[in-house]
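S.K.: Give me the fold of what follows.
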Amino acid sequence: MQFLCDFHIHSCLSPCAEITMTPGEIAKVCVSRGIDWIAITDHNSAGNVRVFSSVLQEVGVSVIPGIEVHTLEDVHVLAYFPDVSSAEAYSAFLKREKLPIVSIDPEISGYQLLVDENDSFVGMEEIWLGQPASLSISETLKTVEENGGISVMAHIDRKMGLIVQLGLVPEECIEAPMEISFERTLKRGLQTKNIIHSSDAHSLDLIKPTVAISASTRSFEEFKAAIFSSGRALRIIWD
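M.R.: The predicted structure follows:
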(Lines give C-alpha, C1' and ligand atoms only; values in the text may rest on other atoms or scores of the structure.)
Protein backbone atom coordinates (compact mmCIF):
# COMPACT_ATOMS: atom_id res chain seq x y z
CA MET A 1 0.00 0.00 0.00
CA GLN A 2 1.04 3.59 -0.55
CA PHE A 3 0.49 6.20 2.15
CA LEU A 4 0.73 9.98 1.75
CA CYS A 5 2.60 11.48 4.68
CA ASP A 6 3.85 14.62 6.42
CA PHE A 7 6.18 13.82 9.30
CA HIS A 8 6.89 17.30 10.69
CA ILE A 9 3.82 19.15 11.96
CA HIS A 10 3.60 21.45 14.98
CA SER A 11 0.58 21.81 17.23
CA CYS A 12 -0.65 24.78 19.23
CA LEU A 13 1.82 23.74 21.93
CA SER A 14 4.76 25.14 19.96
CA PRO A 15 5.12 28.86 20.74
CA CYS A 16 5.80 29.69 17.09
CA ALA A 17 2.74 27.80 15.78
CA GLU A 18 -0.70 29.26 15.24
CA ILE A 19 -3.31 28.49 17.89
CA THR A 20 -5.51 26.99 15.17
CA MET A 21 -3.19 23.95 15.10
CA THR A 22 -5.61 21.85 17.12
CA PRO A 23 -6.38 18.14 16.62
CA GLY A 24 -9.79 18.67 15.09
CA GLU A 25 -8.58 21.27 12.61
CA ILE A 26 -5.51 19.27 11.61
CA ALA A 27 -7.72 16.19 11.18
CA LYS A 28 -9.95 18.11 8.76
CA VAL A 29 -6.94 19.26 6.75
CA CYS A 30 -5.43 15.77 6.56
CA VAL A 31 -8.70 14.26 5.34
CA SER A 32 -9.27 17.00 2.76
CA ARG A 33 -5.73 16.69 1.39
CA GLY A 34 -5.57 12.91 1.36
CA ILE A 35 -2.90 12.60 4.05
CA ASP A 36 -2.78 9.18 5.72
CA TRP A 37 0.16 9.41 8.12
CA ILE A 38 1.70 12.29 10.06
CA ALA A 39 3.96 13.09 12.98
CA ILE A 40 3.29 15.70 15.64
CA THR A 41 6.67 17.25 16.46
CA ASP A 42 6.43 20.15 18.88
CA HIS A 43 9.47 21.96 20.17
CA ASN A 44 11.02 20.17 23.18
CA SER A 45 7.72 18.58 24.25
CA ALA A 46 5.26 15.80 23.48
CA GLY A 47 2.53 17.36 25.60
CA ASN A 48 -0.15 17.22 22.89
CA VAL A 49 0.83 13.96 21.19
CA ARG A 50 -1.57 11.67 23.05
CA VAL A 51 -4.70 13.68 22.28
CA PHE A 52 -3.67 14.17 18.64
CA SER A 53 -3.08 10.45 18.21
CA SER A 54 -6.56 9.73 19.55
CA VAL A 55 -8.40 12.31 17.46
CA LEU A 56 -6.54 11.61 14.21
CA GLN A 57 -7.09 7.87 14.59
CA GLU A 58 -10.84 8.50 14.52
CA VAL A 59 -10.56 9.89 10.97
CA GLY A 60 -8.17 7.20 9.76
CA VAL A 61 -4.92 9.15 10.05
CA SER A 62 -2.02 7.52 11.90
CA VAL A 63 0.35 9.58 14.07
CA ILE A 64 4.03 8.97 14.77
CA PRO A 65 4.76 10.52 18.20
CA GLY A 66 7.61 13.01 17.90
CA ILE A 67 9.52 15.91 19.40
CA GLU A 68 11.66 18.54 17.70
CA VAL A 69 14.62 18.86 20.05
CA HIS A 70 16.47 22.19 20.09
CA THR A 71 20.09 21.31 20.86
CA LEU A 72 22.86 23.33 22.47
CA GLU A 73 24.34 24.02 19.04
CA ASP A 74 21.06 25.69 17.95
CA VAL A 75 20.43 22.76 15.63
CA HIS A 76 17.02 21.09 15.51
CA VAL A 77 16.74 17.30 15.67
CA LEU A 78 13.50 15.43 15.00
CA ALA A 79 13.02 12.60 17.48
CA TYR A 80 10.45 9.94 16.55
CA PHE A 81 9.22 7.29 19.00
CA PRO A 82 7.45 3.93 18.67
CA ASP A 83 4.54 4.90 20.92
CA VAL A 84 3.03 7.80 22.83
CA SER A 85 4.35 6.64 26.20
CA SER A 86 7.95 6.61 24.93
CA ALA A 87 7.56 10.12 23.54
CA GLU A 88 6.01 11.35 26.78
CA ALA A 89 8.83 9.77 28.80
CA TYR A 90 11.45 11.56 26.71
CA SER A 91 9.46 14.79 26.97
CA ALA A 92 9.40 14.44 30.76
CA PHE A 93 13.17 13.83 30.75
CA LEU A 94 13.72 17.06 28.80
CA LYS A 95 11.50 19.09 31.11
CA ARG A 96 12.87 17.56 34.30
CA GLU A 97 16.58 17.61 33.48
CA LYS A 98 17.39 19.53 30.30
CA LEU A 99 15.16 22.60 29.97
CA PRO A 100 16.14 25.64 32.05
CA ILE A 101 13.22 27.15 33.95
CA VAL A 102 12.65 30.14 31.72
CA SER A 103 9.13 31.55 31.61
CA ILE A 104 7.70 33.71 28.84
CA ASP A 105 5.08 36.34 28.19
CA PRO A 106 2.81 34.54 25.71
CA GLU A 107 1.69 37.84 24.21
CA ILE A 108 5.29 38.39 23.12
CA SER A 109 6.76 34.92 22.61
CA GLY A 110 3.67 32.93 21.68
CA TYR A 111 1.17 30.73 23.47
CA GLN A 112 2.12 27.14 24.38
CA LEU A 113 -1.30 25.56 24.56
CA LEU A 114 -2.35 22.12 25.74
CA VAL A 115 -5.56 20.94 24.11
CA ASP A 116 -8.19 18.23 24.57
CA GLU A 117 -10.10 16.03 22.11
CA ASN A 118 -12.71 18.78 21.61
CA ASP A 119 -10.16 21.43 20.59
CA SER A 120 -10.60 23.18 23.94
CA PHE A 121 -7.49 24.67 25.50
CA VAL A 122 -6.97 23.00 28.88
CA GLY A 123 -3.63 24.42 29.98
CA MET A 124 -0.50 26.27 29.01
CA GLU A 125 3.11 25.11 29.30
CA GLU A 126 4.96 27.64 31.45
CA ILE A 127 8.56 26.72 30.57
CA TRP A 128 9.71 28.27 27.31
CA LEU A 129 9.82 25.52 24.69
CA GLY A 130 11.66 27.64 22.14
CA GLN A 131 14.95 27.58 24.03
CA PRO A 132 17.84 25.14 23.58
CA ALA A 133 17.80 22.07 25.79
CA SER A 134 20.99 21.26 27.69
CA LEU A 135 21.82 18.52 25.20
CA SER A 136 24.38 18.47 22.42
CA ILE A 137 23.57 16.92 19.06
CA SER A 138 25.48 13.76 19.92
CA GLU A 139 23.76 13.53 23.33
CA THR A 140 20.38 13.96 21.66
CA LEU A 141 21.06 11.16 19.17
CA LYS A 142 22.23 8.90 22.00
CA THR A 143 19.36 9.54 24.40
CA VAL A 144 16.69 9.26 21.71
CA GLU A 145 18.08 5.88 20.68
CA GLU A 146 18.23 4.77 24.32
CA ASN A 147 14.51 5.55 24.55
CA GLY A 148 13.68 3.43 21.51
CA GLY A 149 13.44 6.29 19.05
CA ILE A 150 15.17 7.40 15.88
CA SER A 151 16.60 10.82 15.07
CA VAL A 152 16.38 12.81 11.85
CA MET A 153 18.36 16.02 11.38
CA ALA A 154 15.66 18.66 10.82
CA HIS A 155 15.51 21.03 7.82
CA ILE A 156 19.27 20.94 7.34
CA ASP A 157 19.09 23.58 4.58
CA ARG A 158 17.24 26.22 6.61
CA LYS A 159 17.73 28.22 9.80
CA MET A 160 18.31 25.95 12.81
CA GLY A 161 19.33 23.20 10.41
CA LEU A 162 22.61 21.33 10.57
CA ILE A 163 24.34 22.69 7.47
CA VAL A 164 23.08 26.26 7.83
CA GLN A 165 24.07 26.46 11.50
CA LEU A 166 27.37 24.55 11.42
CA GLY A 167 28.37 24.63 7.77
CA LEU A 168 29.13 20.91 7.76
CA VAL A 169 27.90 17.49 8.80
CA PRO A 170 29.64 16.40 12.03
CA GLU A 171 30.98 12.87 12.14
CA GLU A 172 28.34 11.71 14.63
CA CYS A 173 25.59 12.75 12.19
CA ILE A 174 26.91 11.15 9.00
CA GLU A 175 24.64 8.11 9.28
CA ALA A 176 21.59 10.04 10.49
CA PRO A 177 18.69 10.63 8.08
CA MET A 178 18.38 14.23 6.89
CA GLU A 179 15.24 16.28 6.37
CA ILE A 180 15.58 18.75 3.52
CA SER A 181 13.30 21.66 2.68
CA PHE A 182 14.32 22.44 -0.88
CA GLU A 183 14.74 20.29 -3.99
CA ARG A 184 17.76 22.37 -4.95
CA THR A 185 19.62 20.93 -1.96
CA LEU A 186 19.69 17.55 -3.72
CA LYS A 187 20.96 19.15 -6.91
CA ARG A 188 23.93 20.55 -5.00
CA GLY A 189 25.24 17.06 -4.38
CA LEU A 190 24.23 16.41 -0.78
CA GLN A 191 26.17 13.33 0.29
CA THR A 192 23.80 11.38 2.49
CA LYS A 193 21.91 8.15 1.95
CA ASN A 194 18.63 8.75 3.75
CA ILE A 195 16.58 11.81 2.82
CA ILE A 196 13.11 12.89 3.91
CA HIS A 197 11.05 15.98 3.11
CA SER A 198 8.36 17.44 5.39
CA SER A 199 6.30 20.60 5.64
CA ASP A 200 7.41 21.79 9.11
CA ALA A 201 3.89 23.21 9.24
CA HIS A 202 3.19 25.83 11.90
CA SER A 203 -0.14 26.76 10.30
CA LEU A 204 -2.94 24.78 8.68
CA ASP A 205 -2.28 26.04 5.16
CA LEU A 206 1.23 24.55 5.13
CA ILE A 207 0.20 20.95 5.85
CA LYS A 208 0.55 18.84 2.71
CA PRO A 209 1.65 15.42 1.47
CA THR A 210 5.44 15.60 1.31
CA VAL A 211 6.41 11.94 0.97
CA ALA A 212 4.72 8.79 -0.28
CA ILE A 213 5.65 5.61 1.56
CA SER A 214 5.08 2.09 0.29
CA ALA A 215 4.43 -0.10 3.32
CA SER A 216 2.22 -2.93 4.50
CA THR A 217 1.05 -1.02 7.59
CA ARG A 218 1.48 2.38 9.21
CA SER A 219 3.65 1.09 12.05
CA PHE A 220 6.76 2.58 13.59
CA GLU A 221 8.83 -0.29 12.21
CA GLU A 222 7.57 0.37 8.68
CA PHE A 223 8.27 4.08 9.16
CA LYS A 224 11.79 3.31 10.33
CA ALA A 225 12.37 0.91 7.43
CA ALA A 226 11.24 3.54 4.92
CA ILE A 227 13.47 6.21 6.44
CA PHE A 228 16.52 3.96 6.22
CA SER A 229 15.69 2.28 2.91
CA SER A 230 17.79 4.58 0.69
CA GLY A 231 14.69 5.56 -1.27
CA ARG A 232 13.36 2.06 -1.98
CA ALA A 233 10.11 2.62 -0.09
CA LEU A 234 9.95 6.41 0.17
CA ARG A 235 9.26 8.92 -2.60
CA ILE A 236 9.58 12.66 -2.03
CA ILE A 237 6.72 14.83 -3.29
CA TRP A 238 7.89 18.28 -4.38
CA ASP A 239 5.58 21.22 -5.04
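
S.K.: Run a quick neighbour tally on residue 206.
M.R.: Residues lying near residue 206 (other C-beta atoms under 10 Å) number 15. (Glycine included, C-beta is placed from N, CA and C.)

S.K.: What does the pLDDT read for it?
M.R.: You'll see residue 206 listed with a pLDDT of 98.

S.K.: Over to residue 170?
M.R.: pLDDT for residue 170: 87.

S.K.: ok, now which ones touch it?
M.R.: Residue 170 makes contact with 137-138, 162, according to C-beta atoms under 8 Å, 6 or more residues apart in numbering.

S.K.: Tell me the buried residues in stretch 24-36?
M.R.: Across stretch 24-36, burial judged by 16 or more other C-beta atoms under 10 Å covers 24-27, 29-30, 35-36.

S.K.: what about stretch 105-116, distance to the chain center?
M.R.: Distance of stretch 105-116 from the chain centroid (C-alpha atoms, centre = their mean, to the nearest Å) equals 19 Å.

S.K.: actually stretch 164-177, not the one I typed
M.R.: Here the centre of stretch 164-177 is set off from its chain's centre by 18 Å, with C-alpha atoms, centre = their mean.

S.K.: what's the span of that stretch, first residue to last?
M.R.: Using C-alpha to C-alpha, to the nearest Å, the gap from the first to the last residue of stretch 164-177 comes to 16 Å.

S.K.: Check which residues of stretch 129-147 are buried.
M.R.: 129, 131-133, 135-137, 139-141, 143-144.

S.K.: before we move on, what about stretch 74-85?
M.R.: By neighbour count on 16+ other C-beta under 10 Å, the buried set for stretch 74-85 is 75-82, 84.

S.K.: Please state the backbone phi and psi of the closest residue to residue 103 other than its chain neighbours?
M.R.: Distances taken as C-beta to C-beta, 6 or more residues apart in numbering place residue 126 nearest to residue 103, at 5.5 Å, with adjacent residues excluded. Phi and psi for residue 126, reported as degrees, to the nearest 10, are phi -90, psi -30.
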